[in-house]
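Peer 1: kindly generate the corresponding structure for this input.
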Amino acid sequence: MKKILAAICIFAALMGTLGCGGSQTAGNNPAEKKELIVGTEPSFAPFEFPDKKSGEITGFDMELIKAMGKKAGFAKVTVKGMGFDALIPALDAGNIDVAIAGMSITDARKQKVNFTDPYYESGLATLVRKDNTTIKSLNDLKGKTIVTTGKGTTPEYVLRYILTENGVDPDNDVTLDFYSEATEALAQLQAGTSTIAMLPQPFVTSALAQVEGLRVALDMNEEWEKVAGSKLVTGVLVARKDAVEADPARFAAFMDGYKASVEAANTDLENTAALCEQYGIVAKAALAQKALPNCNIVFETGDEMKTDLETYFNVLYAADPTSVGGQLPADDFYYAG
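Peer 2: Numbers count the residues shown, from 1 in each chain. Modelled structure (predicted):
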C-alpha cells in the first residue's frame, strides 16, 4: 500500500508521534527518554534505502525521524530494517516504537496503530514524448497504453478512479501495464512500447532533466482534485495509540515542529535542496530544488485533514473494500489535536 509514495524527493517535514515502549522510557519528561527504536523497510528510495558506501539506512524518512527524535529529547535513534509487512506486528509486539516507511493509512492498520496527520501528498504526473501532441486531456488516453507502478495497491485504485470519473473505462478503453519500479516504466516509454507513463515525483522531475524529448502531459494530482474535490494525501507516520494518549503534550510539540519544518521546506528551497544532497536523498541539489515545488510537502490538521482522508478512503473502499480493512474508519480514527 505504500507504493503511491514512491520516489518522492523532499526533506525534513518534521512531524510527530513517537510511541515509546516502557523499557525505553524513564519518565514523562522528554529529556529522560533514552532510545527511540524505529522500524522501516529499506528498499523505498528516496524515503529509505541503504547508503552504497556505509550500508546504513538513509533517506528522507530517516532524516525526518532522526530530527524528530532529537527534538523529543531522545539520546539515540536506532533504525531497524525489516519487511514492510512486519512493521505493524513489530509495533504491536513492542519491538519497535515507531514505524516510518512511506505507509498509507488503511482501516485495517488503524485497528492496531495510530496515524499522524499526513506529511506527503503524492505527486503524480503523466509523461509523454514531446513530439506527442495528442495527449491534452484524460479522454485522449482512450486506445493508449499507460505504464505505471503499484498494481493492486493505491496507485492503481487512484488511476482507475480518475479515469472512470472522466468517462474512460480502465478495463476497455486503455491498456494498463504495471511495473515494480518507476525506472522500468520509463524505459517502456523511451523504447516506444508505451504512449504514456504515469510516475511519481521526484522521479518525473529527474526524468525530465536526464532524458531528452519528454514532457508532462497531465498532472494527476490536479485531475484528482477536479473529480474528488479534495487533495490526494497518503503519507503518514504511525505510532501505538497508548503512546500518543500517554503523552499528548509531547505529541503536540512534535506537531508544532512538523508544521515549522514544512513551512521551511517550502520556502527555503535552496537550503532544503542542499540538505537533500547532503543526506543522499537526491544526488544533486540542483535537481532537488527543481523537484521540491512539485513534491507536495504539506501540513494538514483538523477538518481539512479529515475531509481529504475520508475522500481518499471512500475511493479505496469502492475499488476494493479489503484495501481499507473491509470498513471505513470511524471518527475517532482521526487525530483532532
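
Peer 1: switch to C-alpha atoms for all contacts and neighbour counts from now on
Peer 2: Will do.

Peer 1: low-confidence ranges, the stretch 101-250 of the chain, go.
Peer 2: Along the stretch 101-250 of the chain, segments meeting pLDDT under 70 span 102-112, 115-123, 193, 202, 234-240.

Peer 1: switch the cut-off to 90
Peer 2: 101-136, 147-159, 177-225, 228-250 (pLDDT under 90).

Peer 1: roughly how far does Tyr143 sit from Asn132?
Peer 2: Not quite, residue 143 is Gly, not Tyr. Here Gly143 is placed at a distance of 14 Å from Asn132 (Cα to Cα, to the nearest Å).

Peer 1: and what of Phe47?
Peer 2: Taken as Cα to Cα, the span from Phe47 to Asn132 is 32 Å.

Peer 1: ok, the two, which is more surrounded?
Peer 2: Phe47 (28 against 14; other Cα atoms under 10 Å).

Peer 1: isn't the more buried one right up against Leu64?
Peer 2: No: using Cα atoms under 8 Å as the test, Phe47 is too far from Leu64 to be in contact (9.6 Å).

Peer 1: next secondary structure element downstream of the strand or helix carrying Ala243?
Peer 2: Here Ala243 sits within helix 241-246, counting by DSSP states H and E. Next helix or strand after helix 241-246 toward the C-terminus (DSSP H and E): helix 248-267.

Peer 1: now that next one: buried residues?
Peer 2: 250-252, 254-255, 257-259, 261-266 (16 or more other Cα atoms under 10 Å).

Peer 1: same deal with stretch 129-146?
Peer 2: For stretch 129-146, by 16+ other Cα under 10 Å, it's 129, 135, 138, 141-142, 145-146.

Peer 1: now for these, which pair is the farthest apart?
Peer 2: Across the buried residues of stretch 129-146, the longest distance by Cα to Cα is 16.9 Å; it joins Arg129 and Lys142.

Peer 1: can I get the CA coordinates of stretch 287-297 in PDB?
Peer 2: Extracted C-alpha coordinates of stretch 287-297, given in PDB (Å, rounded to 0.1, in the frame of the first residue of the first chain):
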ATOM      1  CA  LEU A 287      17.700  18.600  -9.200                       C
ATOM      2  CA  ALA A 288      16.200  18.600  -5.800                       C
ATOM      3  CA  GLN A 289      15.500  22.300  -6.000                       C
ATOM      4  CA  LYS A 290      13.600  21.800  -9.300                       C
ATOM      5  CA  ALA A 291      11.600  18.900  -7.900                       C
ATOM      6  CA  LEU A 292      10.700  20.300  -4.500                       C
ATOM      7  CA  PRO A 293       7.800  22.600  -5.700                       C
ATOM      8  CA  ASN A 294       6.100  19.600  -7.200                       C
ATOM      9  CA  CYS A 295       6.600  17.300  -4.200                       C
ATOM     10  CA  ASN A 296       3.600  18.500  -2.200                       C
ATOM     11  CA  ILE A 297       5.100  18.700   1.200                       C
END
